[in-house]
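Novice: Next comes the sequence, and after it the predicted model I'd like to discuss.
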Amino acid sequence: AADRSTQGLVTGYYEPILAGSKTRTARYRFPVYGVPGDLVVVDLVDEHPELRGLGLRGRLEGRRLVPYWSRAEFEGRGSANDGVVPGAPVLAWVRDPVELFFLQIQGSGQIQLESGERLRLGYADQNGHPYRSLGRYLIDKGELTLEQSSMQGIRAWAEANPQKLADALNANPSYVFFRISESSDGPFGSLGVALSPGYSIAVDTRFVPLGAPVFLATTMPLSTQPL
């Protein structure tokens, strides 16, 4: 960590599986997007190594590079186009916007098709906006207590408050775009290789180089069993 502390928070990662379809239906009507054609990636790390980890995302307005659309702005662009954002490829359709939201948080997952086939989705890019916690937003609004702000608690709140859901989801301006992965080895990490269950960890590259070994001493989730 930045303060050189040897203590930290360990969080879990999993690969969600969402029921979905390759075509839009009455049941599956929320699009999972690939990288939009108007997303511009600015990478100056070769000339400015101090900018590593600070890649910029934007779009062009004439000759000006401006911030890319936030979550609310991006999805709002599809409102006049039958719900599909122009210039953004749709990889699949799912039935639940909250499940799609959690898929974006995890950064990869699978779509279970009714044919029995599964599409494995990997992280492709992001709109450049910072991530804001949905749980924290609901706590700050007095909608949930800290104890209720688990994934299950958020799902239950969403089902009970559909009229408030859009504003809650849009409180997180970050939006993740996916690619279809042909690999059967599992989701890919930042190094471009499949993650190893129980061993791979996420790191902040400002403090831990990618690929560096890390000694971790903690316990299994909700358990005293050593990990």
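Specialist: Nice, thanks for sending it over. Predicted model only: the values in this text are computed from it and were never measured. Numbers count the residues shown, from 1 in each chain.

Novice: Dig out what residue 111 forms beta bridges with.
Specialist: Residue 111 has these beta-bridge partners by DSSP bridges: residue 18, residue 119.

Novice: What is the burial count for it?
Specialist: Residues near residue 111, counting by other C-beta atoms under 10 Å, number 25. All C-beta atoms are positioned from the backbone trio N, CA, C, and that covers glycine.

Novice: The one 4 residues further on too?
Specialist: For residue 115, the tally of surrounding residues (other C-beta under 10 Å) stands at 8.

Novice: And the pLDDT at it?
Specialist: Note on residue 115: pLDDT of 92.

Novice: for this protein, what spans make up the strands?
Specialist: Counting by DSSP state E, the chain has strands at residues 17-21, 30-33, 40-42, 56-61, 64-67, 90-94, 109-113, 118-126, 176-181.

Novice: So which of these is nearest residue 153?
Specialist: Between residue 153 and these, the shortest separation by C-beta to C-beta is 19.4 Å, and it involves strand 17-21.

Novice: Who are the packing partners of that closest one?
Specialist: In terms of contacts (3 or more C-beta pairs under 8 Å, 6 or more residues apart in numbering; DSSP states H and E), strand 17-21 is packed against strand 90-94, helix 97-106, strand 109-113.

Novice: need the ones you listed in CSV with distance to residue 39, can you?
Specialist: Formatted as CSV, these follow (distance: least, C-beta to C-beta, whole Å):
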stretch, distance to residue 39
strand 90-94, 15
helix 97-106, 15
strand 109-113, 21
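
Novice: Ok, which of these comes nearest residue 223?
Specialist: Here helix 97-106 is closest among these (C-beta to C-beta), at 21.7 Å.

Novice: Do me a favour and average the pLDDT over that closest one.
Specialist: Helix 97-106 shows a mean pLDDT of 95.

Novice: tilt between it and strand 118-126?
Specialist: Going by axes from the mean of the first three to the mean of the last three C-alpha atoms, to 10 degrees, helix 97-106 is angled at 60 degrees with respect to strand 118-126.

Novice: From the contact counts, what lies against helix 97-106?
Specialist: If you count contacts as 3+ C-beta pairs under 8 Å, 6+ apart, helix 97-106 packs onto strand 17-21, strand 30-33, helix 151-160, helix 162-170.

Novice: State the distance from residue 179 to residue 148.
Specialist: The gap separating residue 179 from residue 148 is 34 Å, by C-beta to C-beta, to the nearest Å.

Novice: Same list (the strands of the chain) but as a markdown table, adding distance to residue 164.
Specialist: Listed next are the strands of the chain as a markdown table, based on distance: least, C-beta to C-beta, whole Å:
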| stretch | distance to residue 164 |
| --- | --- |
| strand 17-21 | 22 |
| strand 30-33 | 17 |
| strand 40-42 | 33 |
| strand 56-61 | 28 |
| strand 64-67 | 26 |
| strand 90-94 | 21 |
| strand 109-113 | 25 |
| strand 118-126 | 25 |
| strand 176-181 | 22 |
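
Novice: closest to residue 5 out of these?
Specialist: strand 118-126 (27.6 Å).

Novice: mind checking pLDDT for residue 187?
Specialist: Looking at residue 187, its pLDDT reads 81.

Novice: err, residue 50, not the other one
Specialist: Among the per-residue scores, residue 50 holds a pLDDT of 57.

Novice: so what's the closest residue to residue 86 other than its chain neighbours up against?
Specialist: Spatial nearest neighbour of residue 86, chain neighbours left out: residue 77 (6.7 Å); criterion: C-beta to C-beta, 6 or more residues apart in numbering. Applying C-beta atoms under 8 Å, 6 or more residues apart in numbering, we find residue 77 in contact with 69, 85-86.
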